[in-house]
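Enquirer: 3D model of this:
(3 chains)
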Amino acid sequence: MGALSIREVRKSYGTTEILKGINIEIEEGEFLILVGPSGCGKSTLLSMIAGLDSITSGEVHIGGRKVNDLSPKDRDIAMVFQSYALYPNMTVRQNISFGLEIRKVPKPEREKIVAQVAQILQMEQLLDRKPSQLSGGQRQRVAMGRAIARDPTLFLFDEPLSNLDAKLRVEMRTEIKLLHKRVGKTIVYVTHDQVEAMTLGDKIAVMKAGEVMQFGTPQQIYDNPANLFVASFMGSPSMNFILCQVVTLNNGVGLQMETGGQTHVFPVNRASAALSAYVGKQVIVGIRPEKITHKVDFLAGAPSFYVAEAQIEISEPTGADTLLMIKINDKNIVCRVHPEYAKLQGERMAFMFDMSKTVYFDPATEARIV
Amino acid sequence: MADTSNTQTQGASRFGRYVIYTLLGLVCLYYLLPLFIMVSTSLKTLDDIRSGNLIALPNEVTFEPWKEAWGSACIGVRCEGMSVYFWNSFRFVVPAVLISTLVGAFNGYVLTMWRFKGSDIFFSALMIGCFIPFQVVLLPMARTLGELGISNSIAGLIFVHVVYGVAFTTLFFRNYYVTIPDELVKAAKIDGAGFLRIFWRIILPISTPIIVVSIIWQFTQIWNDFLFGVVFSSGDRQPVTVALNNLVNTSTGVIGYNVDMAAAIIAALPTLFVYIVAGKYFVRGLTAGSVKG
Amino acid sequence: MSATPSTAAVPGVSNSGKFLDSVERFLPKLVLAPTFVVTLLFIYGFILWTGYLSFTQSRMLPNYDLVGFIQYQNLFDNERWWVALKNLAIFGSLFIAGCLAIGLGMAILLDQKIRGEGFIRSIYLYPMALSFVVTGTAWKWILNPGLGFEKVMHDMGFADFTFDWLTNSDMAIYTVVIAGVWQSSGFIMAMFLAGLRGVDESIVKAAQVDGASLPTIYWRIIIPSLRPVFFSAVMILSHIAIKSFDLVMALTGGGPGFASDTPATFMYTFSFTRNQIGMGAASAMMMLMIVAAVVVPFLYSELRSSRRG
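Expert: This next block holds a predicted model:
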């Protein structure tokens, strides 16, 4: 029995459809990420799971129970909000125990739970403060504590880290991950940050314009994006997209790439069969920056590798890697090179393209070809 | 060169400051003078008033005018002073203020946190109620109060002031509550709290500032009202403002300017007191109440 | 975490909760209902009712036979109504102009980083806490022709000085202006001051860097940016002016004769002391239209600008 199952869920306001038939299923204890650009409907979907927004059609099941017509309090969920939504008039202790009090949990029990939660989140010393006396990170912690105290079947997180500064965000990210490991409960987590999505999720649903573009594990989504949107949305720096002509090459097909006035024909071993239908037409080639690197001699001859020389337009050292920008088919292409091998801006160097993980999209439909 | 111009501007600006402070001081006098005249006149004997002049201090301070204004001045045919009417005002102002504030708080809560189809239209329709000249409802209201059997009664005045005060209190609370994030109510809903519990336990405890604003605004408005008082009450049921007007315009015998002034101060004291104690909230109410949005 | 009783309680809650849930759903509307009914009846219903009365011959008691526009005709044939309208025009324009000038002037002066600003501000504002009846009573005494301001001038040696506006038919309405401006200008000052404080300081700094003098900055940059405040202030002041009833009653009683009548006192006199309910209703409807003529353009521009923003 799935912990959360979303079946053909739709939401419309008047004639505008916000969600266009969402299907997602996750198991007990899984960490589900809903990710997408703003306005994609991810927060609306979360609100509908919580019962804060009505479901136009379709079904939502939590722990095997259909919850469409249940009010939020009967869905056995807890939620952490972007603005934390701590009750300003109550102390941290009261904030955490408010939900328990409403559920008529006896006082000694409540106190025990508050103490437990405070210990888990290491905020015993904050219990008697008001939210206004807390820092952003502490408020975040209290908001999570409030959710944990309720011990629900399902946790909902609505962009919980987006109000924190960059450093704290990374810290809290780790903390949430640890918490998930410790509590072992099912979590649905909404974010627009693809790094958060990749690092936290067991499963990711990438959404755009009210539809799930792809649903899978982080690695599946990273390696095998279903379409151009998913490929461009996930990963930082973003995947390179090169529009190029498919030509015949030996027995199979090749891709025409032009850089610095010189035309190369890249071989496509893996995808040859699928691309043969495109000979004479154009395809979009997607290649991650880390797959374009300096020339490694012992690999250079191997089947899926191709070496081409190009001029470095811009160089951006990030410390661990240096991002070099080159031009292919008049498009800026980012390459991730070890700093030791990176040459300077304006210089030419040999780049090695690893074509084994390259993905191909149809320019018209933006759908994945292979 | 630069130095001289610098000292020049400094000198000019110092002169400018004197001008500014002088002007501000004069304006202060302009605002304070009537109050001073009221107080000093109220402490003068009638002889003193006739022989001395307006802005002079009393030759000898007398509290007789105050005693008379409070307890024995003739208003209409009754000679019992302002006290009856002063307490009258309290008897309808306090309930009217409390009821309209409570209703306004509930309305504001619904109109921001529990919106439904048509609630925005209703709010706009209600706001128009802030703008109508009340003359347009006087005749029907006089008749309705009669039908309800509460004409010329404290209950009638409470009713009228609540009915026409709710638009303002709703506006106050609604504008205050729109600044509270929706997520707070959502969190409470998920915690299992319902409509009333969210209101009493979460929303009301954080509403203190706007409750104060609303109470002060309503208190000042209703206490100072004259139109409803003069139309909907008569005799010994009238509010203090109407009594003051009657006292001043009763032209029997000698005109007691000193008694008039004492009575005027008596009528003004409660609102002045509120202003001195809670001026900050008073100003906030003024701007919130009169500047829409 | 160990399971809390909340999990166990869930099915129970959801069963018995069905009924409560539906109550819960209607509760917000239920709470709003009294205000809804009251607004509908006592604002919109009463406007219609008054409108209806204005088309009848009602005198002391309402009479519900429609007679068309006779009351409006009578109203506009009535000299006293014209005096009231003229007075409203005089009082309205001078009151608004006076309050704006004093209010803006004082706000600019107070904005020069004045020591004791809070104290000065509270002095300017206290008249707003007073009833117009109190204000009227006070100014009635101050402007008293025999013993008031006139006598002060006499005592100061200006023996020929006369100040009899209160009893002078041509001038009585101007005493209302004086008292009205005294009471309301402080409030307008507070509005302008709030507006001045809202002006982006970096714009002022930029202008200073450009070499603009302080008066130029005020005249060319700051005051134009106060446009919305001017708007609100004019709206509020005209509203006060149109509704002005208590001040006139306390200060002049509409007199001498009916020389300082305004539409508000006219409506009161005809409806409640002269038993001409039909005419009173017609004048009330005219007041409503005057207010609408002021408020509707204001609301319209507000809505437009808020939609643009």
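
Enquirer: What residues of stretch A:42-60 count as buried?
Expert: A:42-53, A:55, A:58, A:60 (16 or more other C-beta atoms under 10 Å in any protein chain shown). Any C-beta I mention is one placed from the backbone N, CA and C, and that applies to glycine too.

Enquirer: Ok, stretch B:223-238 next?
Expert: Quick answer for stretch B:223-238 (16+ other C-beta under 10 Å): B:223-233, B:237-238.

Enquirer: Looking at those residues, which two lie furthest apart in space?
Expert: B:N224 and B:R237 (17.8 Å; C-beta to C-beta).

Enquirer: Any idea which helix or strand in chain B has the lowest mean pLDDT?
Expert: The helix or strand of chain B with the poorest confidence is helix B:2-42; it has a mean of 77 (mean pLDDT, DSSP states H and E).

Enquirer: pLDDT averaged over the very next helix or strand once past it - what is it?
Expert: Heading C-terminal from helix B:2-42, the first helix or strand you meet, by DSSP states H and E, is helix B:46-51. Across helix B:46-51, the average pLDDT comes to 80.

Enquirer: contacts for helix B:46-51?
Expert: B:41, B:58-60, B:254, B:256-258, C:147 (C-beta atoms under 8 Å, 6 or more residues apart in numbering or on different chains).

Enquirer: From these, pick the one nearest chain A.
Expert: Checking the contacts of helix B:46-51 against chain A by C-beta to the nearest C-beta gives B:T41 as the nearest, at 49.1 Å.

Enquirer: give me every residue that touches the residue nearest to the closest one when sequence neighbours are not counted.
Expert: Spatially, and ignoring its direct neighbours in sequence, B:T41 is nearest to B:M261 (4.3 Å; C-beta to C-beta, 6 or more residues apart in numbering or on different chains). With contact set as C-beta under 8 Å, 6+ apart, B:M261 has these partners: B:37-39, B:41-42, B:65, C:137-138, C:141.

Enquirer: Tell me the spacing between A:A50 and chain C.
Expert: Applying C-beta to the nearest C-beta, to the nearest Å, the value for A:A50 to chain C is 15 Å.

Enquirer: ok, that residue touching A:D74?
Expert: No. A:A50 is beyond contact range of A:D74, at 11.5 Å (criterion: C-beta atoms under 8 Å).

Enquirer: if we can go back for a sec, in what helix or strand does the residue nearest to B:T41 lie?
Expert: helix B:257-290.

Enquirer: How far away from the center of its chain is that helix?
Expert: 7 Å (C-alpha atoms, centre = their mean, to the nearest Å).

Enquirer: can you check stretch B:206-221 too?
Expert: 11 Å.

Enquirer: And stretch A:256-273, by the same measure?
Expert: Using C-alpha atoms, centre = their mean, the offset of stretch A:256-273 from its chain centre is 31 Å.

Enquirer: Any idea how far apart the tips of stretch C:211-219 sit?
Expert: Taking C-alpha to C-alpha, to the nearest Å, the first and last residues of stretch C:211-219 lie 14 Å apart.

Enquirer: mind checking pLDDT for residue 158?
Expert: No chain was given, so I picked chain A. On the pLDDT scale, A:D158 is placed at 93.

Enquirer: I was after chain B.
Expert: So, for B:I158, pLDDT stands at 95.

Enquirer: Work out for me the element it sits within.
Expert: Using DSSP H and E, B:I158 falls in helix B:154-177.

Enquirer: Would you mind listing the buried residues in that helix?
Expert: Result for helix B:154-177 [16+ other C-beta under 10 Å]: buried residues B:154, B:156-177.
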